[in-house]
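[1] could you work out the structure for the sequence below:
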Amino acid sequence: MRLDVDPSLDPADYVFVHRIRVRFAETDAMGIVHHGNYPLYLEEARVAYLRALGRPYTELRKDGVDHAVLECFVQYRRPLAFDDEVDVHLVLARTTRASFQLAYLLTVAGEVRAVAATAHGAVDASGRPTRLPPWLIDLGPTRATGHAAR
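    As a prediction, the model looks like this:
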């Protein structure tokens, strides 16, 4: 297991937030968001974060580097429902030469609904491991947030 991030429950520990409105199609027969949709919310926030950094994912791919998801962890605390406005808070929590980890906090109106973490590995166009772009290593947890997520 690569993940060693313990996501914080404090929104102030996150450097980026992306709002998502839950669509009816994302809910299950019980009227709550199906657990399989949470990784999609994490991905949407991750792509928005890169765009906000001035590093859209499409440009990274043009440079020949993808960030494959190696692991994904979600702890469901309270359900999400149709039409909820979910704030997906995100922070770069760990970096190495070839991988990084992100921590996430999902809230609705300030109430914690889930915490999550993802581990990513840099791969080239053929799927072989490669180094992270220098700008991502330089961003690192201490420079991105002043601290790593707890």
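[2] all contacts plus neighbour counts: C-alpha atoms, from now on.
    OK.
[3] neighbours of the closest residue to residue 81 other than its chain neighbours, how many?
    Leaving aside its sequence neighbours, residue 81 sits nearest to residue 32 (Cα to Cα, 6 or more residues apart in numbering; 4.5 Å). Neighbour count for residue 32, taken as other Cα atoms under 10 Å: 16.
[4] can you give me the end-to-end span of stretch 66-84?
    31 Å (Cα to Cα, to the nearest Å).
[5] equivalent analysis for stretch 4-13, please.
    Start-to-end, stretch 4-13 (Cα to Cα) is 17 Å.
[6] low-scoring pLDDT stretches of the chain, where are they?
    Applying pLDDT under 70 to the chain flags the ranges 1, 142-150.
[7] can you pull the contacts of the residue nearest to residue 81?
    For residue 32, the contact set (Cα atoms under 8 Å, 6 or more residues apart in numbering) comprises 79-82.
[8] most neighbours among those, which one is it?
    The most crowded member of the contacts of residue 32 is residue 80, carrying 24 neighbours; neighbours defined as other Cα under 10 Å.
[9] show me where the chain has strands.
    Secondary structure of the chain (DSSP state E): strands at 16-21, 66-76, 85-95, 99-108, 111-123.
[10] could I get those as a markdown table with mean neighbour count and distance to residue 4?
    Listed next are the strands of the chain as a markdown table, based on neighbours: other Cα atoms under 10 Å; distance: least, Cα to Cα, whole Å:
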| stretch | mean neighbour count | distance to residue 4 |
| --- | --- | --- |
| strand 16-21 | 18 | 20 |
| strand 66-76 | 16 | 10 |
| strand 85-95 | 24 | 9 |
| strand 99-108 | 25 | 8 |
| strand 111-123 | 21 | 9 |
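[11] ok so, going back, can you pick out the most distant pair from the contacts of residue 32?
    The widest separation within the contacts of residue 32, taken as Cα to Cα, falls between 79 and 82 and amounts to 10.2 Å.
[12] perfect, I'm done here.
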